[in-house]
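Trainee: structure of the sequence below:
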Amino acid sequence: MNVFLRRRKLKNSPQASLYLEIYKGYTKDEKGNKRNIKEYETLEYFVYLNPKTPKEKQHNKDSLATGEIIRAEKHKELVNGKYGISSAFKRKANLIDYFKKLTESRYESQGNYGNWDSTLKHLVNYCNASTTFEQVDIQFVEGFKKYLLGTAKTKNGKLLSNNSALSYFNKFRAALNQAFNDGVINDNPIKRVKSIKQIDTHREYLTLDELKAIAKADCRYEVLKRAFIFSCLTGLRWSDIQKMTWSEVDEFNEGWRIHFTQKKTKGAEYLDISQQARSYMGEKGGPEEKVFFGLKYSSYMNVALTQWMLKAGITKPITFHCGRHSFATIQLTLGTEIYTVSKLLGHSELKTTQIYSKIIDQKKTEAVNKIPSLI
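Mentor: Residues are numbered from 1 along each chain as shown. Sure thing, here's the model as predicted:
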């Protein structure tokens, strides 16, 4: 691939126009004969064929210098993969190595990192460690989607749930989108592949009475208790609570406000919190100190969470993320308008919040059926 600055004589004129000749390689016919692949781009400059005056000579010098700058810039753009031509070096980049780097960059967010790491393992099982981006086309993407839905298995040997397959496919989608932004690929095949359809699943949550019960019960880790109840009172995710520093907490209008960047969506948010929620944050520390110092993602914390729930008489499977579900459900139960709840949760679309409305509708149905028979 190369770019040349050429000149073409103008008909019935002492001048010649400048143009670029872009050489893109060659093809061979059935007999082995080569045919060069070229493109041409006319420039808005000309030169005199036989410059005589100093002015004409200077004109030619300036035009050729400008043409050379344009030629060099064009060549640079082609090498960097613009205009539909990708650098051979970039296209031969290893897919698995690239995905590993993206996974490692998310290590601080353990929940998110776990999903990326699981996706990486399934991707390795689907293809092989030597797969390059040259091999990633629509068939490859469709094949990985089919693999997740019908072949990939969990550690227990069971097929993936539909929503787990969706989560992993979305991580793969994010990786290809990043590769496109990085100029590794110029055509993103995943844009032409339909995503996996999400299926509504049951979401565990605590009722207001259950929240009161866990507030009274003892928990092995005091920081875990404070952080989980804080999630129930604010709707914040684990990732945003775990990384929160005191620099993100301000007094506002005789109350408290948190300003932060969502770990999941990267969106800048602010959230007004109640005095009760503020009380679970503890004594204020230095600007860079974590609010919930010592809160870590570990099997010990997960076991302690389950034991704490059992002490409060709660037997349903509760994870830390259920605190967010509990906040949404309790707010809607108490009559908070769904649009307000959506904003408090930081949802970009109202339909995401409407999932909780279905829970409330179910509770209403259960409530009216509690009235005993009158006969």
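
Trainee: hey, let's count contacts and neighbours off CA atoms from now on
Mentor: Noted.

Trainee: hey, where'd the helices end up in the protein?
Mentor: 54-79, 88-91, 95-104, 110-126, 138-150, 162-181, 208-216, 222-234, 238-242, 275-279, 299-311, 322-333, 338-345, 350-368 (DSSP state H).

Trainee: with mean pLDDT as added columns, please give those in TSV.
Mentor: Below are the helices of the chain laid out as TSV (pLDDT from 0 to 100):
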stretch	mean pLDDT
helix 54-79	87
helix 88-91	57
helix 95-104	92
helix 110-126	86
helix 138-150	95
helix 162-181	92
helix 208-216	95
helix 222-234	96
helix 238-242	90
helix 275-279	94
helix 299-311	94
helix 322-333	92
helix 338-345	88
helix 350-368	71
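
Trainee: could I get these as TSV with distance to residue 18?
Mentor: Formatted as TSV, these follow (distance: least, Cα to Cα, whole Å):
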stretch	distance to residue 18
helix 54-79	7
helix 88-91	29
helix 95-104	42
helix 110-126	50
helix 138-150	41
helix 162-181	33
helix 208-216	77
helix 222-234	66
helix 238-242	58
helix 275-279	70
helix 299-311	70
helix 322-333	65
helix 338-345	58
helix 350-368	57
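
Trainee: for these, which one sits closest to residue 289?
Mentor: helix 238-242 (11.4 Å; Cα to Cα).

Trainee: before we move on, back to that, in CSV: the helices of the chain, plus mean neighbour count.
Mentor: Putting the helices of the chain into CSV (neighbours: other Cα atoms under 10 Å) gives the following:
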stretch, mean neighbour count
helix 54-79, 15
helix 88-91, 15
helix 95-104, 17
helix 110-126, 17
helix 138-150, 17
helix 162-181, 19
helix 208-216, 15
helix 222-234, 22
helix 238-242, 19
helix 275-279, 14
helix 299-311, 16
helix 322-333, 23
helix 338-345, 17
helix 350-368, 14
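
Trainee: thought residue 120 was touching residue 98?
Mentor: No: using Cα atoms under 8 Å, residue 120 makes no contact with residue 98, being 10.3 Å away.

Trainee: residue 14: which of the helices of the chain is closest?
Mentor: Of all these, helix 54-79 comes closest under Cα to Cα, at 11.3 Å.

Trainee: so which elements touch the closest one?
Mentor: Other elements packing on helix 54-79 under the criterion 3 or more Cα pairs under 8 Å, 6 or more residues apart in numbering; DSSP states H and E are strand 2-9, strand 34-48.

Trainee: at 10 Å instead, please
Mentor: With contacts defined as 3 or more Cα pairs under 10 Å, 6 or more residues apart in numbering; DSSP states H and E, helix 54-79 has these neighbours: strand 2-9, strand 15-28, strand 34-48, helix 88-91.

Trainee: dump those to TSV, plus distance to residue 280.
Mentor: Formatted as TSV, the helices and strands packed on helix 54-79 follow (distance: least, Cα to Cα, whole Å):
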stretch	distance to residue 280
strand 2-9	65
strand 15-28	65
strand 34-48	67
helix 88-91	50
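
Trainee: nearest to residue 353, of those?
Mentor: Evaluated over the helices and strands packed on helix 54-79, closeness to residue 353 peaks at helix 88-91, with 40.6 Å, by Cα to Cα.

Trainee: and the helices of the chain: which comes nearest residue 132?
Mentor: helix 95-104 (5.0 Å).

Trainee: got the CA positions of that closest one in PDB?
Mentor: Output of helix 95-104 as PDB, limited to C-alpha atoms (Å, rounded to 0.1, in the frame of the first residue of the first chain):
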ATOM      1  CA  LEU A  95      -8.300 -11.700  20.200                       C
ATOM      2  CA  ILE A  96      -7.800 -13.500  23.500                       C
ATOM      3  CA  ASP A  97      -4.900 -11.300  24.500                       C
ATOM      4  CA  TYR A  98      -6.900  -8.200  23.800                       C
ATOM      5  CA  PHE A  99      -9.800  -9.500  25.800                       C
ATOM      6  CA  LYS A 100      -7.500 -10.400  28.700                       C
ATOM      7  CA  LYS A 101      -6.300  -6.800  28.900                       C
ATOM      8  CA  LEU A 102      -9.800  -5.500  29.000                       C
ATOM      9  CA  THR A 103     -10.700  -8.000  31.700                       C
ATOM     10  CA  GLU A 104      -7.600  -7.100  33.800                       C
END
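
Trainee: what's it packed up against?
Mentor: helix 110-126, helix 162-181.

Trainee: turn these into CSV, columns for distance to residue 61.
Mentor: Putting the helices and strands packed on helix 95-104 into CSV (distance: least, Cα to Cα, whole Å) gives the following:
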stretch, distance to residue 61
helix 110-126, 56
helix 162-181, 39
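
Trainee: ok, which of these comes nearest residue 19?
Mentor: Once the helices and strands packed on helix 95-104 are compared by Cα to Cα, helix 162-181 is nearest, at 30.5 Å.

Trainee: what is that closest one packed up against?
Mentor: Against helix 162-181 (3+ Cα pairs under 10 Å, 6+ apart) you get helix 95-104, helix 110-126, helix 138-150.

Trainee: now do the last one: everything it contacts.
Mentor: Contacts of helix 138-150 with the rest of the structure, by Cα atoms under 10 Å, 6 or more residues apart in numbering, involve 119, 122-123, 125-127, 135, 137, 151-153, 159-166, 168-169, 172-173, 188-196.
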